[in-house]
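Engineer: here is my input, please return the structure:
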Amino acid sequence: MISSAPAADPPQKATMANVLIIDDNQTNRETYADLLGDEGHTCLTAGTGEEGLAKMTGAAVDCVLCDLMLPNLDGLQTMELAHERHGTIPWILITGHGSEEIAVTAIKQGAFNYLTKPVDMQRLTATIESASRVAKTTNENKALRKELGYDEALDRIVGTSQAIKQVKQVIRQVAATDANVLIDGESGTGKELVADAIYALSRRSGRPYVKVNTAAIPRELLESELFGHERGAFTGAVQQKKGKFEQADTGTIFLDEIGEMPLDSQVKLLRVLQDGTFNRVGGNEQIATNVRLICATNRNLKNEVLAGNFRMDLYYRMNVVNIRVPALRERREDIPLLSKHFIDHLSTRHGGNKQAIDELTGALRRMDWPGNVRELENTLEKLYVLTPGRQIDASLLNQEHAMPFGEATPSPDLGPTTPAPQPAVASNGSNVDDTPPGTEDDAIRALVGLPVDEVERRLILATLDHCKGNKSKAARLLQIGLKTLYRKLENYGKKG
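Structural biologist: Residues are numbered from 1 along each chain as shown. The predicted structure is shown next:
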């Protein structure tokens with residue numbers, strides 16, 4: 001009797017992926033793309049972090065291969081912005097010798113893996129294959145959760161209060177349509193998360209999603225940014241540029257801080273909404289675009305219309321469906337859940353396993369939070385970093401000089417409280433001034449008579465110094481985009 005050896009298991013089928021390669025060295029980009037293309041992957045390439053983020057907006061990307069050292073935005077900053085805008089995507093950093101410590105830090109902040117130069121090509125293909133499998137599993141899990149009634153975009157809006165439940169219900173209803181949406185609410189309430197959820201649940205979710213903060217773009221450049229320009233349209237226009245509405249064609253465009261848009265740009269936006277066409281700056285060709293518009297503002301646009309600062313016809317065109325995001329003080333019952341969410345995230349980001357005790361949660365619920373959820377997040381990060389042990393308690397909230405937060409105002413249904421007097425704070429929970437009590441007025445008087453640009457410059461540089469040079473953290477505290485911060489620092493003569 002002849003026995004045959006058991007058949008060998010068939011080789012595991014490779015997982016093909018859409019890979020974005022970000023490297024400012026063209027030869028490296030082409031080498032990686034050729035190698036991965038031969039393995040069956042589809043490759044997109046970009047020479048800067050900004051270009052890479054734009055590519056991610058316009059195409060589905062499964063994983064990213066990114067050089068650590070990039071001009072302007074480096075690999076870590078690009079990863080942070082990408083994860084913020086598109087969720088966690090397997091991110092592989094390429095580092096030089098001596099940068100392994102930075103790479104390990106990156107993994108703690110959410111990177112999938114890292115490779116050192118010179119890159120071993122076999123390890124590169126193996127790492128991309130592993131990342132592709134993770135991306136495939138993640139996408140399958142997302143699809144399953146969506147089929148079962150869960151959705152990651154909605155899960156990011158943390159809260160179980162009736163006010164938040166109503167917001168989520170409206171999101172589900174409006175997402176299934178192509179109706180224009182106006183989201184309003186105070187700064188820091190999470191209006192961008194609402195816009196992200198509408199896009200993610202819509203039938204345009206696989207198409208471009210372009211975000212524009214209109215307040216962060218100089219007035220004289222806004223029209224070009226939105227609608228593009230032709231070569232020679234103005235000084236510095238050395239080549240044709242496509243605007244955000246062209247990039248968002250067939251998809252969705254999110255205009256944040258729409259109340260800051262100047263009247264002349266409002267006229268052109270109204271035309272796009274009326275007939276779906278526009279002209280590039282300096283051009284005569286009518287360009288058609290099919291986009292879904294989502295806008296957000298912290299202003300009362302009805303009052304802006306009455307004051308003559310906003311066009312009434314544009315207001316009604318874009319305000320087909322209105323979603324108001326409640327202030328945090330209107331949903332205090334969500335604060336314990338939000339606190340746990342942020343602390344869990346901080347444990348991953350900073351390392352550790354800290355927890356908030358009930359005393360802290362009660363104190364947080366009694367505070368007014370003029371900066372809303374963003375202020376709560378920044379406050380918890382400060383507490384997390386300064387807490388030496390595992391338990392985060394309320395003692396730091398009462399240390400007037402070490403931890404100056406806004407004065408707590410008791411909620412009627414939670415009973416009275418007698419908080420210690422606190423110095424003034426910014427709406428995001430950061431120190432307005434690190435000077436001793438009684439000198440804030442002197443610091444403010446020192447700014448009287450200075451041009452607004454100089455006051456802004458001093459504030460930005462002081463905030464950057466407060467954050468010990470961490471530009472991402474400084475941008476969050478200032479509530480401006482990271483690119484805006486880099487541009488302003490460049491204008492001040494500071495290297496990014």
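Engineer: okay, CA-based contacts and neighbour counts for the rest of this
Structural biologist: Fine.
Engineer: mind checking how far the residue nearest to residue 246 when sequence neighbours are not counted is from residue 252?
Structural biologist: If the residues on either side of it in the chain are set aside, residue 246 comes closest to residue 289, at 6.5 Å by C-alpha to C-alpha, 6 or more residues apart in numbering. Look at residue 289 and residue 252: by C-alpha to C-alpha, to the nearest Å, they are 11 Å apart.
Engineer: dump the residue contacts of the residue nearest to residue 246.
Structural biologist: When contacts are counted by C-alpha atoms under 8 Å, 6 or more residues apart in numbering, residue 289 touches 245-246, 249-250, 272, 276-277.
Engineer: so where's the chain uncertain?
Structural biologist: Counting by pLDDT under 70, the chain contains low-confidence ranges at 1-15, 58, 97-100, 142-151, 398-449, 494-496.
Engineer: can you list the domains in it?
Structural biologist: 18-145, 153-326, 330-435, 447-496 (automatic domain parsing).
Engineer: for residue 173, the count of nearby residues, please.
Structural biologist: If you count neighbours by other C-alpha atoms under 10 Å, residue 173 ends up with 12.
Engineer: roughly how far apart are it and residue 293?
Structural biologist: Taking C-alpha to C-alpha, one finds residue 173 at 16 Å from residue 293.
Engineer: cool, and residue 270?
Structural biologist: 11 Å.
Engineer: cool, residue 363 as well?
Structural biologist: 40 Å.
Engineer: residue 339 too?
Structural biologist: According to C-alpha to C-alpha, residue 339 stands 32 Å off from residue 293.
Engineer: which stretches of the chain form strands?
Structural biologist: Assigned by DSSP state E, the chain shows strands spanning 18-22, 42-46, 63-67, 91-95, 113-116, 181-184, 209-213, 252-256, 277-278, 287-288, 292-297, 321-324, 355-356, 391-392.
Engineer: what's the most buried one of those?
Structural biologist: Ranked by mean neighbour count, the strands of the chain are led by strand 63-67 with a mean of 27 (mean count of other C-alpha atoms under 10 Å).
Engineer: packing partners of that one?
Structural biologist: Here strand 63-67 is seen to pack against strand 18-22, strand 91-95, helix 121-147 when contacts are counted using 3 or more C-alpha pairs under 8 Å, 6 or more residues apart in numbering; DSSP states H and E.
Engineer: what packs against the last one?
Structural biologist: With contacts defined as 3+ C-alpha pairs under 8 Å, 6+ apart, the secondary structure elements packing on helix 121-147 are strand 63-67.
Engineer: in its sheet, what does the strand it packs on sit against?
Structural biologist: Strand 63-67 has its sheet partners listed here by DSSP bridges as strand 18-22 (parallel), strand 91-95 (parallel).
Engineer: a markdown table please, covering the ones you listed and showing distance to residue 112.
Structural biologist: As requested, the strands paired with strand 63-67 are exported to a markdown table (distance: least, C-alpha to C-alpha, whole Å):
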| stretch | distance to residue 112 |
| --- | --- |
| strand 18-22 | 14 |
| strand 91-95 | 5 |
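Engineer: among those, which comes closest to residue 82?
Structural biologist: Closest to residue 82 of these is strand 91-95 (C-alpha to C-alpha; 9.6 Å).
Engineer: residue 51: what's it in contact with?
Structural biologist: Going by C-alpha under 8 Å, 6+ apart, the list of residues near residue 51 is empty.
Engineer: tell me how far it lies from residue 374.
Structural biologist: Residue 51 sits 28 Å away from residue 374, going by C-alpha to C-alpha.
Engineer: burial measure for the closest residue to residue 361 other than its chain neighbours, as a count.
Structural biologist: Nearest-residue entry for residue 361: residue 336, 5.9 Å, with adjacent residues in sequence omitted and distances by C-alpha to C-alpha, 6+ apart. For residue 336, the count of nearby residues is 17 (other C-alpha under 10 Å).
Engineer: tell me the spacing between the spatially most central residue of the chain and residue 330.
Structural biologist: Geometric centre of the chain, nearest residue: residue 84, 4.2 Å, by C-alpha atoms, centre = their mean. As for residue 84, its distance to residue 330 is 26 Å (criterion: C-alpha to C-alpha).
Engineer: please apply the same query to residue 183.
Structural biologist: According to C-alpha to C-alpha, residue 183 and residue 330 sit 17 Å apart.
Engineer: next one: residue 41
Structural biologist: For residue 41 relative to residue 330 (C-alpha to C-alpha), the value is 49 Å.
Engineer: comparing these two, which residue is more hemmed in?
Structural biologist: Remark: of residue 41 and residue 330, residue 41 carries more neighbours, 21 against 13, as counted by other C-alpha under 10 Å.
Engineer: can you report phi and psi for the more buried one?
Structural biologist: In terms of degrees, to the nearest 10, the main-chain angles of residue 41 are phi -80, psi 150.
Engineer: ok, residue 29 touching residue 35?
Structural biologist: No: in this structure residue 29 lies outside contact range of residue 35 using C-alpha atoms under 8 Å: 10.1 Å.
Engineer: that older thread, OK, contacts around the residue nearest to the centre of the chain?
Structural biologist: Applying C-alpha under 8 Å, 6+ apart to residue 84 gives no contacts.
Engineer: likewise residue 483?
Structural biologist: Counting by C-alpha under 8 Å, 6+ apart, residue 483 touches residue 73.
Engineer: please verify my assumption that residue 153 contacts residue 202.
Structural biologist: No: judged on C-alpha under 8 Å, residue 153 makes no contact with residue 202 at a distance of 11.2 Å.
Engineer: same list, the strands of the chain, but as TSV with distance to residue 79 please.
Structural biologist: Converted to TSV, the strands of the chain look like this (distance: least, C-alpha to C-alpha, whole Å):
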stretch	distance to residue 79
strand 18-22	11
strand 42-46	14
strand 63-67	9
strand 91-95	7
strand 113-116	12
strand 181-184	27
strand 209-213	17
strand 252-256	21
strand 277-278	33
strand 287-288	33
strand 292-297	25
strand 321-324	30
strand 355-356	27
strand 391-392	29
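Engineer: quick one, which of these is nearest to residue 264?
Structural biologist: Among the strands of the chain, the nearest to residue 264 by C-alpha to C-alpha is strand 277-278 (13.7 Å).
Engineer: and that closest one, what other elements does it pack with?
Structural biologist: Where contact means 3+ C-alpha pairs under 8 Å, 6+ apart, strand 277-278 is packed against helix 263-275, strand 287-288.
Engineer: hmm, try it at 10 Å
Structural biologist: With contacts taken as 3 or more C-alpha pairs under 10 Å, 6 or more residues apart in numbering; DSSP states H and E, strand 277-278 sits against helix 244-247, helix 263-275, strand 287-288.
Engineer: right, so those: which one is the most enclosed?
Structural biologist: Stretch with highest mean neighbour count among those: helix 244-247 (a mean of 22; mean count of other C-alpha under 10 Å).
Engineer: check which helices and strands it is in contact with.
Structural biologist: Other helices and strands packing on helix 244-247, by 3+ C-alpha pairs under 10 Å, 6+ apart, are helix 49-58, strand 209-213, helix 219-227, strand 252-256, strand 277-278, strand 287-288.
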